[in-house]
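Chemist: based on what follows, work out the 3D shape:
(2 chains)
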Amino acid sequence: MGATAARDGPDMTNARNQILGGIRASLKRDVLPPARVAELEARLKGQARGPVPARARDLDRAALIDLFEKQAHLVQCSVARVAALDDVPGELARYLKSQNLPSQVEMSPDPTLDRVDWSRAPMLEIARGKPSGAEGVGVTSALAGVAETATLMIPSGATSPSTMNFLPDTHVVVLPASRVVGPLEDAWMKLRGTVTGELAAATMPRTVNLITGPSRTGDIEQKMEMGAHGPRRLHLIVVEDADVA
Amino acid sequence: MIHSTSNAFKANAHDGLANPTLQSALAKMKVGFPNRRSEAIARLPEFDALRDRSRDIKNHVLENLDWYLERFEARVREAGGLVHWARTPDEARAIILGICKRLDAKIVTKGKSMISEEIGLNGFLAANGIEPVETDLGEYIIQLRNETPSHIIAPAVHLTKAAIEADFRRVHTHLDAKRDLTEPATLVAEARGILRQRYFQADVGITGANFLIAETGSSVIVTNEGNGDLTQLLPKAHVVIASLEKIVPTLEDASTILRVLGRSATGQEMSVYTTFSTGPKREADLDGPREYHVVLLDNGRSALLGTEFQDILRCIRCGACMNHCPVYAAVGGHAYGWVYPGPMGAVLTPSLIGVENAKHLPNASTFCGKCESVCPMHIPLPKMMRHYRVREWRQNLTPRGARLGLGIWAWTAKRPGIYHALTSMAMRVLGWLGRRHGSFFNLPLAGGWTATREFPAPQGQTFQAQWARRQRAMGRT
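Modeler: As a prediction, this is how the structure comes out:
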């Protein structure tokens, strides 16, 4: 991309130097001295947290899941709790029927979903892979559920196409209870844990979606309407079996 | 840069006041947004601590902005993306056009971006044979009408559903003319269907950024509709257009500011979609753009550092200042005449296009102070408007009548003896003249007031005189 990029713009190096020089001139200083740079590097690595809401701190597993569920209802999600992964197919079938939705679903090739015995709900027609673009039902997992605000963290990857979170009309998320964390910062810790500790640009997934409720818009006369461009329904299936990581 | 009519603020404001549709939208807005914000804040005892921390984060970034920008750029490159530097709107547009041409783009989808409005990107792309398609519902509607946003987070807030229905019928002529479009839900569904096809047709997707993260080289968008995500995931290239003060150091810093952003904007604890984008799609990824570009725009912002206007660079574009502003609530966003309305616009507009081109905006304030009190980033907006009024005075931009009047007032105000004598005489005369009706229908030198309403007659004594009398009566001297 480097070779073609030079053609993209006019005189980029000059613009870059002028902007950075202009910033330093306005701040009445030169390039930062090495000692200051070391402080800033340390700040970047320190992952220091700001004030974390008390509502999301020091909760045990049961309280975390209760808070997650309560917050989820506030943002127009539906929530079902099931005991084990093998209860997921039945719950999915029940949910689809309750919403008068067809039994064809598109499903991310997610390893968590691989562990579900889908033959337990033989009426489901499951297509694994990335979404077709049709307005149907999409099923994914999530890396974390943030109890503070009922926010799902879904990073992209070889088994997680981000478009599955947006193209289907109905989004169903299978979330093991062990992945429910308190504040948003704990979800970043989880994401850092899936890489090597420090989240460098090369290890950051291309897309990290934080999703809090179904798509909506208030752009017409300030009246809230669901399903603006993304899913109009978001159904969360929390798997309470503590052994499911 | 888009054309400004900020110098026509008075005429624009007059139009706004006389527009009944706008007035009913504003009446709904000035109740809805503040109520939702205060309910959300009541649920979060840490809100003020988060505001303080958010302010400190941005101040820290601004003091070290050059280093953070270079660090961000290095991270973007590590992830396989590119950062482009633009001093001016011209340069930003040329960079984006260059990317579009190299990819032979015919259609460009766009997430909502105020920087795109600032550089007038849509008109420029269209003039170069590329069709820009706004995908945020409000932006889509105003694009159909060839209008500019009237609010930074609710661009079509000034329109009724009947007006939107008429626009949809005018433009979506391939659909059944007899279809029912009377409810917002049917309008939303129609726009959804039309834009769904556009995402797949687009060659390039352009979004703005709420944050740029130095730690990871990520850009962040905060939306409720999901349009910004389909805009960036489906085309060949994702182009981010952002001004350079959007940097925050870490994911934790972004988390802190996110807690004040949604609550201040719409009263949401989190907006529906907060998306962190880092570089192009990875080898094994099943979807995502093949190219990732960040266009960093300065457009005069670096010159604000180290000045009395530096604090405006903390702004996170939540819109709380305009949602709570009595002037915005009276005249609407279009009266401000450029991209950014309301109190933040009254400060940012003269900063970016020059006080001589926006001289009325810093005066479009009652100095009630509500904007500063609700600002999640503690930006001293009234103080900065005052700085602009001073600058305007020094540059001789204030109209001659106002200069004369203010000059006379200042002369007397600095001489308390004369001031008291003149005001108590005026109160006595006006009190006596107005004793019959209790008000005046016209008054010399106050025609601006009495043209549209009566001027109440004073009761004959100045406040200071009454105060002194009461203090004496209470035995205090």
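Chemist: not counting its neighbours along the chain, what's nearest residue B:375?
Modeler: residue B:321 (5.9 Å; Cβ to Cβ, 6 or more residues apart in numbering or on different chains). Glycine gets a C-beta too; all of them are placed from N, C-alpha and C.
Chemist: can you count the residues close to the residue of chain A found nearest chain B?
Modeler: Using Cβ to the nearest Cβ, the closest approach of chain A to chain B is made by residue A:230 at 2.8 Å. Burial of residue A:230 is recorded as 28 neighbouring residues (other Cβ atoms under 10 Å in any protein chain shown).
Chemist: so it: helix, strand or coil?
Modeler: Here residue A:230 takes the coil state, with states given by DSSP: H, G, I helix; E, B strand; the rest coil.
Chemist: residue A:173 falls within a helix, correct?
Modeler: No. Following the definition three-state DSSP, residue A:173 is strand and is not counted among the residues of a helix.
Chemist: tell me what it is bridged to.
Modeler: Assessed by DSSP bridges, residue A:173 has beta-bridge partners residue A:140, residue A:236.
Chemist: residues contacting it?
Modeler: Applying Cβ atoms under 8 Å, 6 or more residues apart in numbering or on different chains to residue A:173 gives the contacts A:139, A:140, A:141, A:142, A:152, A:154, A:234, A:235, A:236, A:237.
Chemist: the host helix or strand of the residue nearest to residue B:375 packs against which elements?
Modeler: Mapping residue B:321 onto the secondary structure by DSSP states H and E places it in helix B:320-323. Applying 3 or more Cβ pairs under 8 Å, 6 or more residues apart in numbering or on different chains; DSSP states H and E, one finds that helix B:320-323 makes contact with helix B:20-42, helix B:342-353, helix B:370-374.
Chemist: give me the neighbour count for residue B:131.
Modeler: For residue B:131, the number of neighbouring residues by other Cβ under 10 Å comes to 15.
Chemist: ok, and the closest non-adjacent residue to it?
Modeler: On the basis of Cβ to Cβ, 6+ apart, the spatially nearest residue to residue B:131 that is not a chain neighbour turns out to be residue B:107, at 5.0 Å.
Chemist: returning to what we had before: touching, the residue nearest to residue B:375 and residue B:341? I think so.
Modeler: No. Contact status for residue B:321 versus residue B:341: not in contact, 9.7 Å apart, counting by Cβ atoms under 8 Å.
Chemist: give the contact list for the residue of the stretch 101-250 of chain B at minimum distance from chain A.
Modeler: Each residue of the stretch 101-250 of chain B has a distance to chain A, by Cβ to the nearest Cβ, and the smallest belongs to residue B:226, at 2.8 Å. By Cβ under 8 Å, 6+ apart, the contact set of residue B:226 is A:166, A:215, A:228, A:229, A:230, A:231, B:272, B:273.
Chemist: equivalent analysis for residue B:175, please.
Modeler: By Cβ under 8 Å, 6+ apart, the contact list for residue B:175 reads residue B:190.
Chemist: and it, how far from residue B:190?
Modeler: If you measure residue B:175 against residue B:190 using Cβ to Cβ, to the nearest Å, the figure is 7 Å.
Chemist: also residue B:178?
Modeler: 14 Å.
Chemist: the more surrounded of those two?
Modeler: With other Cβ under 10 Å as the criterion, residue B:178 and residue B:190 differ in neighbour count, and residue B:190 comes out ahead with 18 against 5.
Chemist: state the pLDDT value of the more buried one.
Modeler: Per-residue pLDDT puts residue B:190 at 96.
Chemist: if I read this right, residue A:141 contacts residue A:107, doesn't it?
Modeler: No. The pair residue A:141 and residue A:107 does not pass the contact test of Cβ under 8 Å, sitting 9.7 Å apart.
Chemist: shared neighbours, those two?
Modeler: Taking Cβ under 8 Å, 6+ apart as the contact rule, the neighbours common to residue A:141 and residue A:107 are residue A:113.
Chemist: let me see the ranges of the helices in the stretch 151-300 of chain B.
Modeler: Chain-ordered helices for the stretch 151-300 of chain B, with DSSP state H, counting those that start in this stretch as the definition, fall at B:161-171, B:184-201, B:227-233, B:251-265.
Chemist: residues touching residue 37, list them.
Modeler: I'll assume chain A. By Cβ under 8 Å, 6+ apart, the residues touching residue A:37 are residue B:67.
Chemist: please refer instead to chain B.
Modeler: With contacts defined as Cβ under 8 Å, 6+ apart, residue B:37 is in contact with B:263, B:264, B:266, B:267, B:320, B:323, B:374.
Chemist: thank you, goodbye.
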